[in-house]
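Novice: Based on what follows, work out the 3D shape:
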Amino acid sequence: MKLRPLLSLLFASCLLARLTAADQPDENDEKAEHRETLADRTLREIVQRERDLFAKAEKDGEQFDKAAFHGEAQSIASSYDVLVQKNQTFTMAFVAYGMFLGKINMDRQAVAMLMKANQLNPDIPLVKNQIAKHLAEDGKPIEALTYLMAATDLAPKEAFYHFHLGQLLLAGHDEFLLKGGFTQAGLDKAMIDAFRQASELAPTDFSYAYQYAKAFYEIETPRWEEALAVWEQVELRPIATTTLRHMVRLQKANVLIKLGRTDDARRTLEMVTDPKLADDKQTLLDQLAPKAEK
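Specialist: This is a model prediction of the structure:
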């Protein structure tokens, strides 16, 4: 049993927390008092143990005890096993178990649980998103696309489903052209549109805006003018760190070079002073040097 990187684990935990919260009964619902069953309580307890496990792993850092983690993970998996065996139609139990198995790299078993959840309730976008993730990682982007498109249809206002769709179209580019029925123009448009929707739906999320701007030159024929317009918009946003702001300026300078606006590119690079980006900055300066000598 392998352990996924902690950032991925925590992201998955956040998604599960959102889903379990959304599944809680409404206080004003007449049936609410009948919904808190033994299975519900058991699931909440298992999910809490899971969250505690990953939180401790993050806190431990370099002192992370792999053996202890795996022992508790096995115990949690056993608890899930008992829960789903006793509650064959409890959709949320299959969702939670599938998510957990995915976090510990038991992908085949994770997909089986998520498929069962999808069979029980085909209207949960998170389930379709996670199935798509596993299929894509297993080298099946075309199959993954069906599930991810369904997730965006079910939750059109959720930015991260559109973002994941854009990532899938970008990563599976060759396969989609070869076997997915896409033209180059159609694939480029679908990818850019997916990142655009994610950026518009979550305007404060830097990663979405960053990828949207890059998308204009991750296509067959780069659209440099449009890319520059988006980078200029991103540069005006509040950005969490100096490094991130200077990364935007590097990208903007690169686009300016491609457009032949060398003076503007130099001025932009002069504002990149973060030492962590010195090598990237020098790479762009080297591109400008021959032009300066002419």
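
Novice: alpha carbons only for contacts and neighbour counts from here, please
Specialist: Fine.

Novice: Centre of the chain to stretch 88-101, how far?
Specialist: 21 Å (CA atoms, centre = their mean, to the nearest Å).

Novice: tell me the domain ranges of this structure?
Specialist: 1-18+61-120, 122-213, 223-294 (automatic domain parsing).

Novice: Show me what counts as buried in stretch 271-291.
Specialist: 272, 281, 284-285, 288 (16 or more other CA atoms under 10 Å).

Novice: Next, work out how far apart Tyr80 and Gln88 are.
Specialist: Using CA to CA, to the nearest Å, Tyr80 is found at 12 Å from Gln88.

Novice: Mind checking which of these two has more residues around it?
Specialist: For Tyr80 versus Gln88, neighbours defined as other CA atoms under 10 Å are more numerous around Tyr80 (22 against 13).

Novice: Now do the more buried one, the pLDDT please.
Specialist: Per-residue confidence at Tyr80 stands at 97 (pLDDT).

Novice: May I have the phi/psi pair for it?
Specialist: Phi and psi for Tyr80, reported as degrees, to the nearest 10, are phi -60, psi -40.

Novice: Tell me how far it lies from Ala209.
Specialist: Distance of Tyr80 to Ala209, given as CA to CA: 38 Å.

Novice: go on, Tyr161?
Specialist: 15 Å.

Novice: So for those two, which residue has more residues nearby?
Specialist: Shown here are Tyr161 and Ala209; by other CA under 10 Å, Tyr161 has more neighbours (27 against 24).

Novice: so where does the more buried one fall, helix or strand?
Specialist: Here Tyr161, judged by DSSP states H and E, is contained in helix 159-171.

Novice: can you pull out the helices in the stretch 101-250 of the chain?
Specialist: Taking DSSP state H, counting those that start in this stretch as the criterion, the stretch 101-250 of the chain carries its helices at 107-120, 125-137, 141-154, 159-171, 173-179, 184-201, 206-215, 224-236, 242-258.

Novice: Give me the angle between the helix holding Tyr161 and helix 141-154.
Specialist: 160 degrees (axes from the mean of the first three to the mean of the last three CA atoms, to 10 degrees).

Novice: Report all helices and strands that helix 159-171 contacts.
Specialist: helix 141-154, helix 184-201 (3 or more CA pairs under 8 Å, 6 or more residues apart in numbering; DSSP states H and E).

Novice: ok, now with 10 Å
Specialist: Applying 3 or more CA pairs under 10 Å, 6 or more residues apart in numbering; DSSP states H and E, one finds that helix 159-171 contacts helix 125-137, helix 141-154, helix 173-179, helix 184-201, helix 206-215.

Novice: Take the buried residues of stretch 271-291 and keep only those in helices.
Specialist: Assigned to helices by DSSP state H, the following of these qualify: 281, 284-285, 288.

Novice: Now do stretch 43-63: distance to the chain's middle.
Specialist: The answer for stretch 43-63 is 21 Å, by CA atoms, centre = their mean.

Novice: Output it as PDB - backbone C-alpha positions only.
Specialist: Extracted in PDB, the C-alpha atoms of stretch 43-63 (Å, rounded to 0.1, in the frame of the first residue of the first chain):
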ATOM      1  CA  LEU A  43     -19.600   6.600   8.500                       C
ATOM      2  CA  ARG A  44     -19.000   9.900  10.200                       C
ATOM      3  CA  GLU A  45     -16.700   8.200  12.800                       C
ATOM      4  CA  ILE A  46     -14.700   6.500  10.100                       C
ATOM      5  CA  VAL A  47     -14.300   9.700   8.100                       C
ATOM      6  CA  GLN A  48     -13.200  11.500  11.200                       C
ATOM      7  CA  ARG A  49     -10.600   8.800  11.800                       C
ATOM      8  CA  GLU A  50      -9.400   9.200   8.200                       C
ATOM      9  CA  ARG A  51      -9.100  13.000   8.500                       C
ATOM     10  CA  ASP A  52      -7.200  12.700  11.800                       C
ATOM     11  CA  LEU A  53      -4.800  10.200  10.200                       C
ATOM     12  CA  PHE A  54      -3.900  12.500   7.300                       C
ATOM     13  CA  ALA A  55      -3.800  15.600   9.500                       C
ATOM     14  CA  LYS A  56      -1.300  13.800  11.800                       C
ATOM     15  CA  ALA A  57       0.800  12.700   8.800                       C
ATOM     16  CA  GLU A  58       1.000  16.300   7.700                       C
ATOM     17  CA  LYS A  59       1.900  17.500  11.100                       C
ATOM     18  CA  ASP A  60       4.600  14.900  11.600                       C
ATOM     19  CA  GLY A  61       6.500  16.000   8.600                       C
ATOM     20  CA  GLU A  62       9.900  14.400   8.600                       C
ATOM     21  CA  GLN A  63       9.000  12.400  11.600                       C
END
